[in-house]
Every structure is written in C-alpha cells, then in structure tokens.
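1. What would the 3D arrangement of this be:
(one chain, ligands or ions: 3)
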Amino acid sequence: MVALQSFRPHSFLFSILIIVFFFSFTISISSAATETVQKVCNQTSYYRYCVATLYSDPRTPNADPYFLAYISFGLAYLNASNSHDFFSHAVNNTRPHHHKLVQSLTICQDGYKRVVSALETAYEDLNTESFAKLGRLSRVAGRAADKCNRAFSGVVKAPVGSAAPAVAVRNRDMKRLSEICSVVSKLLGASK
Ligand SMILES: *[C@@H]1O[C@H](CO)[C@@H](O)[C@H](O)[C@H]1NC(C)=O
Ligand SMILES: *[C@@H]1O[C@H](CO)[C@@H](O)[C@H](O)[C@H]1NC(C)=O
Ligand SMILES: *[C@@H]1O[C@H](CO)[C@@H](O)[C@H](O)[C@H]1NC(C)=O
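-> Numbering: from 1, shown residues only. Ligands and ions are numbered 1, 2, ... in the order given. Take a look at the predicted model:
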C-alpha cells in the first residue's frame with residue numbers, strides 16, 4: 001500500500017509528460033504539414049483527419065504528389081481489405097435465421113469486394129502512370145460505404161441495430177479515405 005501511494009506522484013508526472021508529448025507532437029505535425037499535404041487536405045471535408053491519416057505513413061513528409069497518391073491509395077486499400085475481411089467473417093459467423101443481418105452484411109461484403117478490386121486497379125494505373133481513371137476508381141469506395149450504411153440504417157432492433165455503430169465507423173473512415181484519394185487524383189490529373 002505504502003509503495004503504491006509513493007508511486008502515485010510519479011505516475012501523475014508521467015501522465016503530464018505524456019500529455020505534453022502528445023501536444024507537441026500534434027503541433028509539430030500541423031506546422032510541418034508539407035505544402036502538398038495542405039493542398040490536398042484543404043480540399044477535403046476533414047482537414048485534421050486527412051493530415052493525421054497521411055502522416056501515419058513516415059514517408060509522407062518527403063512525398064511529391066505522385067508518391068502521395070501511392071500512400072493514399074495504399075491506406076485506402078488496407079482499410080478496404082480490412083473491412084472486406086471483417087464483413088466476410090461476420091457473414092460466415094452469423095446464424096442464418098438472422099435474415100436481415102445476413103442480408104445487410106452481404107451487401108457490405110460485396111461492396112467492399114468491389115472497392116478492393118477498384119483500388120487494385122488504381123494501384124496498377126499508378127504503376128503505369130495512367131491517371132485518367134483514378135478519380136472514378138477512388139469514388140467506388142465512397143459509394144460502397146454509402147450503400148453499406150443504407151443497408152444498416154433505420155434498423156434499431158438487434159442484432160442488426162447493434163452492429164450499426166461499428167459498421168458506421170468503418171464506412172465513415174472509408175468515405176474519408178475515398179475523398180482523399182479523389183483529391184490526390186485531381187492533383188495528378190492537373191499536373192500531368
Ligand atoms: C490551406 O488553407 C489554409 C487556411 O484556409 C491556408 O492558410 C493555406 O495557405 C492553404 N494551403 C494551401 C497549400 O493551399
Ligand atoms: C467464409 O466462408 C466461405 C465459404 O465457406 C469461405 O470460403 C471463406 O474463406 C470464409 N471467410 C472467412 C473470412 O471466414
Ligand atoms: C481503417 O479502418 C479501421 C477500421 O475501421 C480503422 O480503425 C482505421 O483507423 C482505418 N485506417 C485509416 C488509415 O483510416
């Protein structure tokens with residue numbers, strides 16, 4: 001007990017240090033955001049999410065628009081395949097008599113399958129520097145996320161209703177990433 005009490009001031013100090021660290025980290029991120037990142041994120045609906053997401057990749061500070069496209073589409077691809085796995089797993093592990101839930105999950109699973117495939121095509125297009133279809137390919141993700149949301153909307157009854165919040169977070173992230181990719185694509189189209 002005594003040992004625990006004497007330890008408290010340390011953990012308090014530690015918390016303060018953590019907080020200070022995170023504040024300086026956030027400040028250095030926003031002031032260090034490169035002009036390319038600012039230019040992209042300024043055109044998205046969620047500036048801070050956009051900057052934080054792009055900076056989750058350590059290569060972002062040195063990225064030109066072309067490389068930033070790789071990073072953006074790469075993040076979107078990871079997100080989409082993660083969600084596709086999630087929905088496939090959920091469909092397989094839901095009892096068939098929950099018809100409505102299986103139906104909603106399947107809509108999302110199919111949608112995310114299309115997104116993964118579109119983002120694979122985008123990646124090949126980036127490799128061959130053919131930028132014309134990138135905008136269209138990035139918007140597949142936003143549409144699939146909307147459709148998945150609609151499949152879960154308006155149902156409050158369990159089990160469909162109880163799955164809705166987790167699904168909504170995935171779709172929200174996917175839509176934001178889709179928007180980032182779409183803006184980066186415009187940037188490439190304009191500079192080529
Ligand atoms: C982004 O927007 C901010 C505020 O609206 C502005 O100060 C900044 O110059 C813009 N940056 C670019 C690169 O467009
Ligand atoms: C779901 O079930 C199908 C058919 O049984 C199987 O091919 C697939 O690998 C399973 N997916 C997951 C994520 O469990
Ligand atoms: C991708 O999706 C997962 C699951 O919703 C989320 O936790 C994660 O933050 C997302 N990643 C990015 C880069 O947005």
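
2. need the contact list for Thr44.
-> Contact partners of Thr44, counting by Cβ atoms under 8 Å, 6 or more residues apart in numbering, are 50, 176, 179-180, 183. The C-beta positions use only the backbone N, C-alpha and C, and glycine is treated the same way.

3. quick one: it from ligand 1, how far?
-> Taken as Cβ to the nearest ligand atom, to the nearest Å, the spacing of Thr44 relative to ligand 1 amounts to 11 Å.

4. Tell me how far that residue lies from ligand 3.
-> When Thr44 is compared with ligand 3 (using Cβ to the nearest ligand atom), they lie 13 Å apart.

5. what's near enough to touch the residue nearest in space to the middle of the chain?
-> With distances taken as Cα atoms, centre = their mean, the chain has Asp173 as the residue nearest its mean C-alpha position (3.9 Å). When contacts are counted by Cβ under 8 Å, 6+ apart, Asp173 touches Asn79.

6. same deal with Leu119?
-> 73, 76-77, 80, 137-138, 140-141.

7. Most neighbours out of those, which is it?
-> Using other Cβ atoms under 10 Å as the neighbour test, the contacts of Leu119 are led by Ala141, with 32 neighbours.

8. That one is in contact with Arg176, isn't it?
-> No - shown here, Ala141 and Arg176 do not form a contact pair, counting by Cβ atoms under 8 Å, at 9.8 Å.

9. Find residues that contact each of the two.
-> By Cβ under 8 Å, 6+ apart, no residue touches both Ala141 and Arg176.

10. Distance of the residue nearest to the centre of the chain relative to Ala166?
-> For Asp173, the distance to Ala166 equals 11 Å [Cβ to Cβ, to the nearest Å].

11. Looking at the contacts of Leu119, spot the one nearest ligand 2.
-> Minimum distance to ligand 2 across these is 14.8 Å, recorded for Ala80 (Cβ to the nearest ligand atom).

12. Give the next helix or strand downstream of the helix or strand containing the closest one.
-> Taking DSSP states H and E as the definition, one finds Ala80 inside helix 65-92. Reading on from helix 65-92 to the C-terminus, the next helix or strand found by DSSP H and E is helix 99-127.

13. Let me know the angle separating that next one from helix 65-92.
-> Our comparison of helix 99-127 with helix 65-92, counting by axes from the mean of the first three to the mean of the last three Cα atoms, to 10 degrees, yields an angle of 160 degrees.

14. Now do the buried residues in helix 99-127.
-> 101-102, 104-116, 118-119, 122-123, 125-126 (16 or more other Cβ atoms under 10 Å).

15. Give me the contact list for the helix or strand following that helix.
-> Counting by DSSP H and E, the element after helix 99-127 in chain order, helix or strand, is helix 134-152. Contact with helix 134-152 is made by 69, 73, 76, 80, 103-104, 107-108, 111-112, 114-115, 118-119, 121-122, 125-126, 160, 163-164, 167-168, 170-172, 174-175, 177-179, 181-182, 185-186, 188-189, as judged by Cβ under 8 Å, 6+ apart.
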